[in-house]
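Asks: model this:
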Amino acid sequence: MTVLVTGATGTVGRHVVEQLVNKDVQVRAVSRHPERANLPEGVEVVAGDLKSPETLIPAFRGVTALYLITSSDQADATLETNPQVVELAEKAGVQSVSLLTVYGDGPVEQAIKNSRLEWAFVQPVGFMANAIDDWQESIRKEGVVRTLGGGKRSAIIHEADIAAVFVETLLENRHHGNVYTLTGPEALSTIEQVEIISKGIGKEIKFKELTEEEARREWQEVGLDDESIDFMVQMSDNPPEIGYTVLPTVEEVTGRPAKTFAAWVSEHKSAFME
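Replies: Below is the predicted model of the structure:
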């Protein structure tokens with residue numbers, strides 16, 4: 001079989017590619033910039049853009065299963081998938097799709113449910129890798145993390161565990177119609193996450209709780225709109241229960257426990273050290 005991986009250079013997609021390759025699966029990877037993909041040897045890298053579905057028509061040829069994202073999972077890129085991608089995949093003979101989703105009820109999700117494709121939705125509550133996007137610079141330069149809601153807990157998950165669940169759904173046909181909400185093995189506050197990073201890299205990291213006014217000003221300075229800022233404040237003040245409720249889904253699907261944040265930090269020390 002051939003598996004097509006969209007968002008192949010993303011936080012999760014890169015792990016999906018590597019894990020499929022390790023299982024000797026034929027992988028075709030889609031990237032908007034294939035010359036910069038830097039994926040494992042043997043992976044066929046093709047150009048394509050999920051915002052322009054027609055660019056994916058050649059990539060769908062001969063594909064059995066599709067790993068699909070609804071939007072970019074990287075902070076430095078903007079990408080929203082056009083739902084027509086689903087129709088073109090179906091016409092090309094793709095049999096199944098596994099979707100990385102956030103809310104589970106958008107236009108791409110509806111297009112999949114209305115198609116004849118077998119499908120599985122995977123919904124992580126939060127990435128451990130967000131620690132790099134959010135705190136890398138201030139930890140490396142100042143040894144400090146500044147944010148709103150230091151006591152807020154989240155059952156964040158290792159991106160490799162997300163990928164492992166996806167690999168199961170792509171290769172096995174017993175997952176059709178399932179929506180898998182994924183968490184890590186523990187619900188950690190932001191302060192606890194900072195303490196774990198500090199211990200893992202052997203460097204003192206201070207935590208500074210921002211006021212709502214300070215947080216809003218910082219988010220405005222990086223270009224976030226008012227609606228996004230209001231949402232982030234709400235999530236800090238009153239996070240949804242699903243975000244901090246630990247679930248056994250990773251172990252149920254993959255047969256092994258989810259990785260801890262301490263393990264993730266051990267793998268990513270260099271990101272926080274000068």
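Asks: which outside residues touch whatever helix or strand residue 167 lives in?
Replies: Using DSSP states H and E, residue 167 maps to helix 159-171. Identification of contacts with helix 159-171 by C-beta atoms under 8 Å, 6 or more residues apart in numbering yields 1, 3, 11-12, 15-16, 18-20, 23, 25, 65, 67, 96, 98, 100, 120, 122, 124, 127-129, 175, 178, 180, 182, 184, 249-250, 253-254, 256, 258-259. Bear in mind the C-beta positions are built from the backbone N, C-alpha and C, glycine included.
Asks: and if you look at stretch 83-99?
Replies: For stretch 83-99, contacts defined as C-beta under 8 Å, 6+ apart pick out 4, 50, 53-54, 56-57, 60-61, 63-70, 107-112, 115-122, 166, 169-170, 173, 175-176.
Asks: Can you flag the buried ones in those?
Replies: 4, 50, 53, 56, 60, 63-70, 108-109, 111-112, 115, 117-122, 166, 169-170, 175 (16 or more other C-beta atoms under 10 Å).
Asks: all helices for the stretch 101-250 of the chain, in order.
Replies: 107-113, 130-142, 159-171, 190-201, 212-221, 226-237, 241-244, 249-254 (DSSP state H, counting those that start in this stretch).
Asks: name the helices or strands packed onto the fifth one?
Replies: Using 3 or more C-beta pairs under 8 Å, 6 or more residues apart in numbering; DSSP states H and E, the elements in contact with helix 212-221 are strand 144-147, helix 226-237.
Asks: Residue 218: what's it in contact with?
Replies: Applying C-beta under 8 Å, 6+ apart, the residues near residue 218 are 146, 210.
Asks: Settle this for me: residue 132 is touching residue 267, isn't it.
Replies: No: using C-beta atoms under 8 Å, residue 132 makes no contact with residue 267, being 11.3 Å away.
Asks: more crowded one of those two?
Replies: The neighbour count for residue 132 versus residue 267, taken as other C-beta atoms under 10 Å, is higher for residue 132 (16 against 13).
Asks: residues near the residue lying closest to the more buried one once chain neighbours are set aside, how many?
Replies: Closest residue in space to residue 132, ignoring its immediate chain neighbours: residue 271 at 4.9 Å, by C-beta to C-beta, 6 or more residues apart in numbering. Each residue near residue 271 was counted by other C-beta under 10 Å, and the total is 16.
Asks: next one: phi and psi at residue 271?
Replies: Main-chain torsions, residue 271, degrees, to the nearest 10: phi -70, psi -30.
Asks: distance of it from residue 148?
Replies: In this view, residue 271 and residue 148 are 22 Å apart by C-beta to C-beta, to the nearest Å.
Asks: what sits against residue 256?
Replies: By C-beta under 8 Å, 6+ apart, the residues touching residue 256 are 164, 250.
Asks: Repeat the analysis, applying 10 Å as the threshold.
Replies: For residue 256, the contact set (C-beta atoms under 10 Å, 6 or more residues apart in numbering) comprises 161, 164, 250.
Asks: and what of residue 248?
Replies: Counted by C-beta under 10 Å, 6+ apart, residue 248 has contacts 183, 185, 257, 258.
Asks: do residue 242 as well
Replies: Residue 242 sits next to 123, 125, 155, 181, 183 when contact means C-beta under 10 Å, 6+ apart.
Asks: what sits up against stretch 35-45?
Replies: The contact list for stretch 35-45, computed with C-beta under 10 Å, 6+ apart, reads 2, 4-5, 8-9, 13-14, 17-18, 20-22, 24, 26-31, 33-34, 46-47, 59.
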